[in-house]
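Trainee: Coordinates for the following, if possible.
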Amino acid sequence: MSFLRKDELPALLRAIHDPPELLYLRGSGHHLDLLSRPAAAVVGARACSPYGAQVARMLGRELAAAGVVVVSGLARGVDGEAHRGALETDGHTVAVLGCGIDRDYPAAHAGLARAVAERSLLVSEYEPGVEPAPWRFPARNRIVAGLCAATIVVEARERSGALITADFALEEGREVFAVPGEITSSLSAGTNALLRLGATPLTGAADVLESFGIESTPRSAATHPFLELLPATADELARATGLTPGEVAGTLAQLEIGGLAAEGDGVYRALA
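Mentor: A predicted model of the protein is given here:
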């Protein structure tokens, strides 16, 4: 465990309106190098939909694999999935805590916090022993946005904390991406409102990589014919393809293992 003083902070974080006086660090070495790399925040609802969880994990995985540090808040839902996606690659992820640097919050993410620390980094402006409190998390969000050149909001209700992160990013002149959502879903109210305000619609990790000047590498495996039929249930795929349920299940398992598709509430969606 160590810390950075204000004058030692990475340039993007030091440039925000109210940078932390101290930034405590827990995790692997080469802290300043990691915090100075191109980074994107992936944030959203704690009680996200299966679709939101799939998108967050896909973005975490694809951004980290391309060399972009994935920054989020270790919360349930979108945050946790973004961290997990990044950890599925050889890339890095940074978790910004709203409590003391020695605390794993929420407790259910203690294992995830350990995995982040082993590979990458947890950071907090709060010294060891500080308890989590509701007012600390909006303050935490300015650091999430401040570390990043771009912020991605996956799902957000009208008064979601993710929108606070987006507001901080906009105030600092950073790019904000929003994942378009169903107009009938309350989980899309915040993201669709961001789009109306001029946020960049996000259709895939390539949109973010392009903003960093990084060319995405297309996957040849992503031309699998099943992907053209998604989203769909296994039964719908069996009817559309004429394959047996066993054959459909085997193909879907291969696509899931390859990171090309994911299931939520019985519906399979393409991630490629």
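Trainee: mind listing the strands for the chain?
Mentor: Using DSSP state E, the strands found in the chain span residues 2-5, 22-27, 39-43, 69-72, 93-96, 121-124, 150-153, 175-178, 200-201, 261-264, 267-270.
Trainee: Which one of the ones you listed lies nearest to residue 188?
Mentor: Of all the strands of the chain, strand 175-178 sits nearest to residue 188, with 9.4 Å by Cβ to Cβ. All C-beta spots, glycine's among them, are computed from the backbone N, C-alpha and C.
Trainee: Just the CA atoms of that closest one, as PDB, please.
Mentor: What follows is strand 175-178, C-alpha atoms only, in PDB (Å, rounded to 0.1, in the frame of the first residue of the first chain):
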ATOM      1  CA  GLU A 175     -15.700  12.400 -24.200                       C
ATOM      2  CA  VAL A 176     -18.900  10.600 -23.000                       C
ATOM      3  CA  PHE A 177     -20.300   7.600 -24.700                       C
ATOM      4  CA  ALA A 178     -23.800   6.200 -23.900                       C
END
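Trainee: how about JSON lines for the strands of the chain, with distance to residue 250 added?
Mentor: JSON lines is the format used below for the strands of the chain (distance: least, Cβ to Cβ, whole Å):
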{"stretch": "strand 2-5", "distance to residue 250": "49"}
{"stretch": "strand 22-27", "distance to residue 250": "39"}
{"stretch": "strand 39-43", "distance to residue 250": "31"}
{"stretch": "strand 69-72", "distance to residue 250": "31"}
{"stretch": "strand 93-96", "distance to residue 250": "32"}
{"stretch": "strand 121-124", "distance to residue 250": "39"}
{"stretch": "strand 150-153", "distance to residue 250": "33"}
{"stretch": "strand 175-178", "distance to residue 250": "35"}
{"stretch": "strand 200-201", "distance to residue 250": "35"}
{"stretch": "strand 261-264", "distance to residue 250": "13"}
{"stretch": "strand 267-270", "distance to residue 250": "13"}
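Trainee: weakest of these by average pLDDT?
Mentor: Sorting those by mean pLDDT places strand 261-264 lowest, at a mean of 86.
Trainee: Could you give me the buried positions within the worst-scoring helix or strand of the chain on mean pLDDT?
Mentor: Least confident helix or strand of the chain, by mean pLDDT, DSSP states H and E, is helix 245-257 with a mean of 80. Neighbour counts over helix 245-257 (16 or more other Cβ atoms under 10 Å) mark 248, 251-252, 255 as buried.
Trainee: and what of stretch 107-116?
Mentor: For stretch 107-116, the neighbour count (16+ other Cβ under 10 Å) marks 109, 112-113, 115-116 as buried.
Trainee: so can I have JSON lines of the residues you listed showing pLDDT and distance to residue 267?
Mentor: Below are these laid out as JSON lines (pLDDT from 0 to 100; distance: Cβ to Cβ, whole Å):
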{"residue": "109", "pLDDT": "97", "distance to residue 267": "26"}
{"residue": "112", "pLDDT": "97", "distance to residue 267": "25"}
{"residue": "113", "pLDDT": "97", "distance to residue 267": "31"}
{"residue": "115", "pLDDT": "96", "distance to residue 267": "28"}
{"residue": "116", "pLDDT": "97", "distance to residue 267": "30"}
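Trainee: Of those, which is the nearest to residue 36?
Mentor: Taking Cβ to Cβ as the measure, residue 36 sits nearest to residue 116 out of the buried residues of stretch 107-116, at 18.0 Å.
Trainee: Tell me who's in contact with the residue nearest to the closest one when sequence neighbours are not counted.
Mentor: Spatially, and ignoring its direct neighbours in sequence, residue 116 is nearest to residue 95 (5.0 Å; Cβ to Cβ, 6 or more residues apart in numbering). When contacts are counted by Cβ atoms under 8 Å, 6 or more residues apart in numbering, residue 95 touches 71-74, 79, 83, 113, 116, 121-123.
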